[in-house]
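>>> no sequence for this one, just the structure:
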């Protein structure tokens, strides 16, 4: 049976400090703080986010690429190379803060001393501006409504 004790769950609003660091919720630190994290520019529902990958999630994505039997070896190398080149390694500091390099702040429209929203997604989390998070929720709810009609979870 799969255990979900150490997953990244929930939505949190935090303020970036002047050095572009954001506090990671304490209950996420067991998962997020136990190893290397990777920051990657991404988009969720066509809105810019920073995806913060745990080692587990990075390995899962890399495995999915390597296991694509419908791709040639060159295509698999190209995709895994792109994944490596688009990620930037980082770790939480002893206070549980994540440093977001200033060069990456512009993608999700976040800035030093500004508000950010952290969105837990299980084995990874996203950093997004509060305004974009509200729009993402609207788009996500619309997309999930049809699926939820089948399962009646939410």
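Cool, got the structure. None of these values were measured; they are calculated from a predicted model.

>>> from the chain's centroid, how far away is the strand or helix carrying residue 40?
According to DSSP states H and E, residue 40 maps onto strand 37-44. Its chain's C-alpha centre and that of strand 37-44 lie 5 Å apart, by CA atoms, centre = their mean, to the nearest Å.

>>> surely residue 45 meets residue 136?
Yes. In terms of CB atoms under 8 Å, residue 45 counts as a neighbour of residue 136; the distance is 4.9 Å. For glycine as for every other residue, the C-beta is placed from the backbone atoms N, C-alpha and C.

>>> circling back to that earlier point, list the buried residues of the strand holding residue 40.
By 16 or more other CB atoms under 10 Å, the buried positions in strand 37-44 come out as 37-42, 44.

>>> residue 8 pairs with what?
Beta-bridge pairing for residue 8 (DSSP bridges): residue 122.

>>> gap between it and residue 27?
9 Å (CB to CB, to the nearest Å).

>>> could you do residue 103 as well?
Distance from residue 103 to residue 27, by CB to CB: 29 Å.

>>> one more: residue 110?
Counting by CB to CB - residue 110 and residue 27 are separated by 22 Å.

>>> run through the helices of this protein in chain order.
Secondary structure of the chain (DSSP state H): helices located at 29-32, 55-66, 73-86, 102-105, 130-151.
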